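Engineer: Predicted model, plus sequence, below.
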Amino acid sequence: MSIGKRIKEIRSKRNINQVSLSRLVGATQAAISRYENDQQYPGGEFLQKLSEALSVNLNWLLTGSGSMFQELQEVDASFLGDTISVPIVGEIAAGEPAEEIYEEPWKVVDLPRGLLSFAPPYMVFRVSGDSMSPFVLPGDLVVCSRDWREVDVCGKIMAFRCEDGITLKKLVEDYKRKVTMLVPLNSHYEPMIYSEGDPDIVMIGILDLCIRRYNRS
């Protein structure tokens, strides 16, 4: 099923028409019609607004995997007491690389260890740019682990240090052509392609956790 058909199915489940949906997400009815008929791929901003307006599981919307709607699950709160303090060390570009490492940590966040999948040490960055939307948005805090031993990093979202600074992208290795691609998730951006002899890129962390604030001024 295409993403357009999933948008149409969401409307059917919520029992709203295209005009009503257009008002909820700030898009035109004509645009929604094009999306649903697979004439145009919806942008990240539209998908994010649709997810928030109708409580849609963004992973299902993009891939068809999982449940259609966001589900609230009871969480054992006991793990919240076991935390680790990690400094926010700078901004990471989700766009063109940018060198913005703070001389002093901007802030410290206390993270429940139970939410972290990879081992320490960790780095926390504030995201600048929208090349990784709708999965990672500007202003998000991303927690990256510097320990990715025994992890197949191809296809994973990683933090990189490039010639021009640091950036957050999905790593894709083309072993046949001997090229490394840093791929944005936002289709409006082009991949950064590196081959032998190009300036070095260095992986500095693997994305472990993304923290997003809502309804904050």
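Structural biologist: That came through fine. Residues are numbered from 1 along each chain as shown.

Engineer: Give me the mean pLDDT for stretch 26-40.
Structural biologist: Here the mean pLDDT over stretch 26-40 is 92, rounded to a whole number.

Engineer: what does that stretch contact?
Structural biologist: Under the criterion CB atoms under 8 Å, 6 or more residues apart in numbering, residues 2-5, 7-8, 11, 18-19, 21-22, 41-42, 46, 49 lie in contact with stretch 26-40. Using the backbone N, CA and C atoms, a C-beta is placed for each residue, glycine as well.

Engineer: Just the buried ones from those?
Structural biologist: Burial by neighbour count, 16 or more other CB atoms under 10 Å: within those this picks out I3, G4, I7, K8, R11, Q18, L21, S22, P42, F46, K49.

Engineer: all strands of the protein, in order?
Structural biologist: According to DSSP state E, the chain carries its strands in the segments 83-93, 100-101, 107-112, 119-128, 141-147, 157-162, 165-174, 179-183, 192-195, 202-211.

Engineer: Which of these comes out lowest on mean pLDDT?
Structural biologist: Ranked by mean pLDDT, those bottom out at strand 100-101, which scores a mean of 52.

Engineer: any idea how far stretch 203-217 is from the chain center?
Structural biologist: What separates the centre of stretch 203-217 from the centre of its chain is 8 Å, taken as CA atoms, centre = their mean, to the nearest Å.

Engineer: buried sites along that stretch?
Structural biologist: Within stretch 203-217, the residues that qualify as buried by neighbour count (16+ other CB under 10 Å) are G205, I206, L207, D208, L209, C210.

Engineer: so how far is V179 from the first one?
Structural biologist: I take that to be G205. When CB to CB, to the nearest Å is applied, the distance between G205 and V179 equals 22 Å.

Engineer: The third one too?
Structural biologist: Taking CB to CB as the measure, L207 falls 22 Å from V179.

Engineer: do A53 as well
Structural biologist: When distances are taken as CB to CB, A53 and V179 turn out to be 40 Å apart.

Engineer: now swap in L47 and tell me
Structural biologist: From L47 across to V179, the span is 29 Å (CB to CB).

Engineer: neighbour count winner among the two?
Structural biologist: Higher neighbour count among L47 and V179: L47, with 22 against 15, using other CB atoms under 10 Å.

Engineer: correct me, but that one touches L61?
Structural biologist: Yes: under the criterion of CB atoms under 8 Å, L47 makes contact with L61 at 6.1 Å.

Engineer: tell me the domain ranges of this structure?
Structural biologist: Segmentation of the chain into domains, based on automatic domain parsing, reads 3-63, 77-211.
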